[in-house]
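Student: predicted model and sequence below, questions to follow.
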Amino acid sequence: MNIFKSSKFVIGIITVLVTTGAHAATFPLTSEPLDGLVLETTVFDVVDGNIVAEVTLDGNRVGQLDGLEWEILEGTASINEDKFNNLALFKPVGTTTVIARPRLGSIIGEPTIVGIDPNIIPSDESIFLAAGGGLCIANPNHFAAFALNVDVRSLTIANAIPISLTERSLVYRDGEYYAHDPVAGTMRITYNPNFESHTTITSTSADPLNDFFASATAESEFFFNIEFLDFGVTVFNKDPMVFLDNSTEWPVFGTNLDHQAPVEFYFSDNPETLFMTIENQNMYLYPTSELRVTNTEWMIDETGMLTSSWLIENLIDVEGVLQWFLIGDDGTPLSPSSGSLTIEAEGNGTVEFNSQLSPSMLTQTLSLGVVSLKGPRMSGSSTVDFRFTYSVPEPTSILSFLALGTLGTALTLKRKLKSFKSTERKNLTAK
């Protein structure tokens with residue numbers, strides 16, 4: 001239970017401070033700046049109508065219980081905090097973009113764009129779920145002893161954050177890609193958590209509130225870690241892999257896109273040494289129907305112990321050599337969260353997964369993706385939305401306020417993704 005010990009409200013540019021006895025302060029509050037420490041805000045998700053943000057100091061997450069205050073510099077919003085993880089939960093009001101700035105003692109963060117009311121986005125335009133892959137052509141550099149020309153298969157999830165009436169951002173964090181090459185072996189590709197992978201969608205529609213995609217463009221930037229699993233080598237790109245679409249609809253990547261320029265990949269453990277260059281990456285969406293994935297058992301006990309089972313059905317008359325993997329809010333897995341299996345033509349297989357879940361006041365999501373490593377492209381996925389809060393009753397509002405203000409300084413937009421999902425998904429496949 002949260003016990004409120006102090007509250008401070010300052011009208012004008014409003015700051016709010018709420019501290020409780022549930023969590024000891026991590027950093028001392030002083031009247032002097034702390035040398036070398038930077039207070040950084042990242043906006044990374046939309047969950048249950050909240051735009052979710054994280055504030056870190058010297059790489060450590062801080063919250064209201066550490067003495068964190070918020071200034072609303074523009075727009076109107078209410079703010080709460082997830083008592084389980086200290087994430088800030090913004091509920092913007094209306095269509096004026098909310099700009100917020102954190103303060104911890106004498107340390108003031110940069111103004112950060114939060115966004116507008118997420119409920120303005122139609123439900124079928126709020127979640128991007130793609131199960132499939134893409135064509136990748138890579139040439140060797142230096143120590144790479146092979147050239148790649150592989151078909152990559154994936155499961156990717158992203159939520160749409162409404163930045164303004166004319167701009168939305170898809171931020172990517174939860175996703176895995178797999179590929180297989182006779183020489184290079186099996187490759188696993190994930191989003192690099194040290195960079196932000198995202199798609200910015202801009203509308204020039206005369207009525208973006210009601211017809212956002214009547215005229216819209218999309219620019220995507222991706223940062224990857226590529227693991228060569230048979231060799232124990234991981235490489236990453238320092239510069240983004242960029243895709244441009246001058247006329248996009250929903251979902252994005254509905255048209256065949258090539259990335260804009262070759263992208264160099266470096267050894268993770270020797271980041272100045274070039275490993276390979278991806279010369280061409282092609283991506284687009286198409287419907288998937290090869291695999292049907294169904295969650296057949298889902299049980300969470302009062303301690304957060306998850307027991308789950310999943311049925312994978314091969315719907316085509318070709319044997320599938322498959323890779324399965326779980327992404328999303330998987331807590332602390334107590335069984336493997338990825339693996340391989342072979343399913344005969346028109347046959348089926350099962351996956352069981354157990355985990356100790358992490359609590360949150362918000363809806364969480366877990367998705368099972370299944371893709372073929374070689375042969376015919378096969379893919380499928382199933383997603384479960386759930387809530388787990390240790391059965392602790394929801395508190396009354398930790399803090400809630402409305403504020404109006406005007407920003408007269410340059411703005412910094414920094415966003416990262418941690419996936420929570422709260423609406424039904426529409427399965428699509430990316431090539």
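Tutor: Received the coordinates, thanks.
Student: nearest residue to G339 in space, please, no chain neighbours.
Tutor: W324 (5.8 Å; Cβ to Cβ, 6 or more residues apart in numbering). Using the backbone N, CA and C atoms, a C-beta is placed for each residue, glycine as well.
Student: what about the one you found, which SS state?
Tutor: What DSSP: H, G, I helix; E, B strand; the rest coil gives for W324 is strand.
Student: where along this protein do the helices fall?
Tutor: With DSSP state H as the criterion, the chain has no helices.
Student: in its sheet, which strands sit next to the longest strand belonging to it, and in what direction?
Tutor: Counting residues, the longest strand found in the chain (DSSP state E) is strand 148-164. Sheet pairing here is set by DSSP bridges, and for strand 148-164 it gives strand 127-140 (antiparallel), strand 167-181 (antiparallel).
Student: show me the shaky parts of the protein.
Tutor: 1-35, 131-148, 286, 391-431 (pLDDT under 70).
Student: show me the domain layout of it.
Tutor: Domain assignment for the chain by automatic domain parsing gives 4-120, 123-286, 291-392.
Student: same list, those domains, but as CSV with mean neighbour count please.
Tutor: Listed next are the domains of the chain as CSV, based on neighbours: other Cβ atoms under 10 Å:
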stretch, mean neighbour count
domain 4-120, 18
domain 123-286, 18
domain 291-392, 18
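Student: now do the strands in the stretch 301-431 of the chain.
Tutor: Here the stretch 301-431 of the chain has its strands, by DSSP state E, counting those that start in this stretch, at 305-314, 320-328, 332-333, 338-343, 348-356, 364-372, 379-386, 429-430.
Student: can you add distance to W250 and give these back as a markdown table?
Tutor: Conversion of those to a markdown table gives the following (distance: least, Cβ to Cβ, whole Å):
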| stretch | distance to W250 |
| --- | --- |
| strand 305-314 | 28 |
| strand 320-328 | 22 |
| strand 332-333 | 33 |
| strand 338-343 | 30 |
| strand 348-356 | 31 |
| strand 364-372 | 20 |
| strand 379-386 | 18 |
| strand 429-430 | 14 |
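Student: now for A88: which residues touch it?
Tutor: Contacts for A88 (Cβ atoms under 8 Å, 6 or more residues apart in numbering) come out as V52, A53, E54, V55, G63, W70, I79, N80, E81.
Student: so what's it bridging to?
Tutor: A53, E81.
Student: ends of stretch 352-368, how far apart?
Tutor: From its first residue to its last, stretch 352-368 covers 11 Å (Cα to Cα, to the nearest Å).
Student: ok now it, how far from the chain's centre?
Tutor: 15 Å (Cα atoms, centre = their mean, to the nearest Å).
Student: please produce CSV containing the contacts of A88, extended by distance to E272.
Tutor: Listed next are those as CSV, based on distance: Cβ to Cβ, whole Å:
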residue, distance to E272
V52, 35
A53, 34
E54, 30
V55, 32
G63, 37
W70, 40
I79, 43
N80, 44
E81, 41
